[in-house]
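Student: sequence and predicted model, in that order:
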Amino acid sequence: MPATQTQKTSSHAALVIIGTGMAGVGLARALRRLGDQRSITLVSADSGDDYSKPLLSTGFAKGLAPEQLTQRSAAELGEELTAQMVIHTQVDALDVDNQTILLEDGRVLGYDTLVLATGAAPRLPFSLEPSVAPRCFAINDLDDYRHFHSALGHGPARVAIIGAGLVGCEFANDLHAGGHHVSVIAPEGSLLPRLLPPPLGNALSDAFSEAGINLHLGRSIDSITSESDEDIVLRLDNGDTVSADLVLMATGLAPRTALAEAAGLSVSPSGIVVDRQLRTSHTHIYALGDVACVDGVNAMYVQPLQASAKALAATLSGTPTPVSFGAWPVVVKTPLLPVVAYPPTTTPERWRIEGEGGDISALAENKDGRLIGFALTGGCVRRKVELSRAAPALLG
Ligand SMILES: Cc1cc2nc3c(=O)[nH]c(=O)nc-3n(C[C@H](O)[C@H](O)[C@H](O)COP(=O)(O)OP(=O)(O)OC[C@H]3O[C@@H](n4cnc5c(N)ncnc54)[C@H](O)[C@@H]3O)c2cc1C
């Protein structure tokens, strides 16, 4: 970082956390709960308002305005945590030798300890034409929800969702429940392909189709165009077309590793590489949440980041504490057909699938017949606790 371009505006703050998502805020809260009095600065590219990201995909059914999803404003959060909040400000670079970070407005903040909690960004697999780009959205934070909510307007809208993973399926169910006309387009042949074996994905497809959600599975998109202000037309590889008012891209998330990588920290495609104590390859710098790959695992769910926040708070407060992740299944918020999944981390020898209609259980077994993962739909979700006790921990 060239010294001539920047002016140092603060003395070294004890702890700087980049990111005010559940990971960054969770860490600050865990430190205060331990009675840790150090100075904390939280820096965020977004509004810094405190909200629960999982609730974003339940808001349209309940007709929730963005303010109703805001638990605390950034200012209230700063007061609660006795922390300095630097919001709507992107961090452009880390200078690990001088222990400073460069903000987009040219300010430089010093740190004794730096924590990267920068989350993951939506992957956009293709570029969009200017005529449709303003009506294509990804919802990955409260600001995104705000923009999409305002674009939806008051009447029912036609929404084409691209992607059939957790985010795509949850928004499909939620927007449908909110009275909108929903289509889902995805290259995979069944819903939730990374969480469910096909018979269970098909059970969810049946529930969605019966409810009136239009599914275009096994299809890729040839073009997204608009010849008027009215219709967006998505042309599929089989020649079919889907007309929509808005497009929601749910095509996956990639850990935001660019800052760390540019600063020379060790990163992998799964995130910033950290050990069980959430330490990066550089002293004084830690990472947690969706951006961190902990001992080879990046789960991108809430329970692992909460466990990481607790462990890191203890470590920073003087009790070195390695994190462990239990057998924590994902509860997918699709009320049309409840789904719980704990996907195996290695390819199973076989799936033992039982049940009928929407009530199906699938147990993944290794070659010794041991349970290594499971997926449940409908009434079978009640087996969640029993199977979680029997399955191996994600990071034991
Ligand atoms: C719609 C949806 C539903 C979900 N539902 C569930 C669920 O039901 N259960 C579950 O367990 N998980 C769920 N998840 C996943 C869960 O919400 C995430 O794992 C979690 O919220 C990630 O938190 P985070 O703090 O790591 O990242 P984020 O919430 O992404 O926060 C990242 C922060 O970093 C900031 N930032 C990034 N780069 C910079 C920079 N250069 N400079 C400054 N600031 C920066 C951002 O502004 C933001 O404040 C869901 C995810 C989505 C999208």
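Tutor: Right, received. Where do you want to start?
Student: residue 318 - how many residues pack around it?
Tutor: By the criterion of other CB atoms under 10 Å, residue 318 has 8 neighbours. Yep, even glycine has a C-beta here, placed from its N, CA and C like the rest.
Student: so which residues on the chain come close to the ligand?
Tutor: 18-24, 43-46, 53-54, 56-57, 90-91, 117-120, 140, 167, 170, 256, 259, 289-290, 300-302, 305, 333 (CB under 6 Å from any ligand atom).
Student: in the stretch 251-396 of the chain, mark out all the helices, start to finish.
Tutor: For the stretch 251-396 of the chain, the helices defined by DSSP state H, counting those that start in this stretch cover 258-262, 302-316, 384-390.
Student: quickly compare the ones you listed and say which is most buried.
Tutor: Among those, judged by mean count of other CB atoms under 10 Å, the one packed with the most neighbours on average is helix 302-316 (a mean of 22).
Student: for that one, what does the pLDDT average out to?
Tutor: Averaging pLDDT along helix 302-316 yields 98.
Student: from the contact counts, what lies against that helix?
Tutor: helix 22-33, strand 292-294 (3 or more CB pairs under 8 Å, 6 or more residues apart in numbering; DSSP states H and E).
Student: OK, now which residue of the stretch 251-396 of the chain is nearest to the ligand?
Tutor: Scanning the stretch 251-396 of the chain for proximity to the ligand using CB to the nearest ligand atom identifies residue 289 as nearest, at 2.4 Å.
Student: all strands for the stretch 101-250 of the chain, in order.
Tutor: With DSSP state E, counting those that start in this stretch as the criterion, the stretch 101-250 of the chain has strands at 107-116, 120-122, 136-137, 158-162, 181-186, 214-217, 221-225, 232-236, 241-244, 246-249.
Student: now the closest residue to the ligand within the stretch 51-200 of the chain. Nearest residue, chain neighbours left out?
Tutor: The stretch 51-200 of the chain approaches the ligand most closely through residue 119 (2.2 Å), counting by CB to the nearest ligand atom. Leaving aside its chain neighbours, residue 119 sits nearest to residue 290 (4.6 Å; criterion: CB to CB, 6 or more residues apart in numbering).
Student: around that neighbour, how many other residues sit close by?
Tutor: If we define neighbours as other CB under 10 Å, then residue 290 has 26 of them.
Student: can you start the count at 593 instead of 1 from here on
Tutor: Understood, numbering begins at 593; the last thing we discussed is residue 882.
Student: from residue 766, how far out is it?
Tutor: Taking CB to CB, to the nearest Å as the measure, residue 882 falls 21 Å from residue 766.
Student: where does this protein have low pLDDT?
Tutor: 593-605 (pLDDT under 70).
Student: 90 - rerun?
Tutor: Along the chain, the parts satisfying pLDDT under 90 run over 593-605, 717-719, 745-747, 819-822, 988.
Student: just to revisit the earlier point, which of the residues of the chain next to the ligand count as buried?
Tutor: 610-616, 635-638, 645, 648-649, 683, 709-712, 732, 759, 762, 848, 851, 881-882, 892-894, 897, 925 (16 or more other CB atoms under 10 Å).
Student: returning to what we had before: pretty sure the residue of the stretch 643-792 of the chain closest to the ligand sits against residue 617.
Tutor: No - applying CB atoms under 8 Å, one finds residue 711 not in contact with residue 617, separated by 11.6 Å.
Student: on that earlier part again, for residue 932, find the nearest of the helices of the stretch 843-988 of the chain.
Tutor: Among these, the nearest to residue 932 by CB to CB is helix 976-982 (4.8 Å).
Student: counting by contacts, list what that closest one packs against.
Tutor: Looks like helix 976-982 contacts strand 931-934, strand 963-969 (3+ CB pairs under 8 Å, 6+ apart).
Student: what's the spacing between the first one and its chain's center?
Tutor: Yep, that's strand 931-934 we're talking about. In terms of CA atoms, centre = their mean, to the nearest Å, the centre of strand 931-934 is found 17 Å from the chain centre.
Student: partner strands of it, with direction?
Tutor: Strand 931-934 has the following sheet partners, assigned by DSSP bridges: strand 922-924 (antiparallel), strand 963-969 (antiparallel).
Student: just those strands: most buried one?
Tutor: strand 963-969 (a mean of 25).
Student: list every C-alpha atom in that one, with coordinates, as PDB.
Tutor: Extracted C-alpha coordinates of strand 963-969, given in PDB (Å, rounded to 0.1, in the frame of the first residue of the first chain):
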ATOM      1  CA  LEU A 963     -24.300 -44.000   8.500                       C
ATOM      2  CA  ILE A 964     -22.400 -41.000   6.900                       C
ATOM      3  CA  GLY A 965     -25.200 -38.700   6.100                       C
ATOM      4  CA  PHE A 966     -29.000 -38.500   5.600                       C
ATOM      5  CA  ALA A 967     -31.800 -36.700   3.900                       C
ATOM      6  CA  LEU A 968     -35.400 -36.500   5.100                       C
ATOM      7  CA  THR A 969     -38.700 -35.100   3.600                       C
END
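Student: one step back: quick check on the residue of the stretch 643-792 of the chain closest to the ligand: phi, psi?
Tutor: Main-chain torsions, residue 711, degrees, to the nearest 10: phi 70, psi -160.
Student: related to what we said a few turns ago, residue 919: which of the helices of the stretch 843-988 of the chain is closest?
Tutor: In terms of CB to CB, the element of the helices of the stretch 843-988 of the chain nearest to residue 919 is helix 976-982, at 4.7 Å.
Student: chain center to that closest one, what's the gap?
Tutor: 24 Å.
Student: and the helices of the stretch 843-988 of the chain as JSON lines, adding distance to residue 938?
Tutor: JSON lines is the format used below for the helices of the stretch 843-988 of the chain (distance: least, CB to CB, whole Å):
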{"stretch": "helix 850-854", "distance to residue 938": "28"}
{"stretch": "helix 894-908", "distance to residue 938": "18"}
{"stretch": "helix 976-982", "distance to residue 938": "17"}
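Student: out of the ones you listed, flag the one nearest residue 964.
Tutor: Of all the helices of the stretch 843-988 of the chain, helix 976-982 comes closest under CB to CB, at 10.1 Å.
Student: who touches that closest one?
Tutor: By CB atoms under 8 Å, 6 or more residues apart in numbering, the residues outside helix 976-982 that reach it are 918, 919, 920, 921, 923, 932, 934, 955, 963, 966, 968.
Student: alright, that wraps it up for me.
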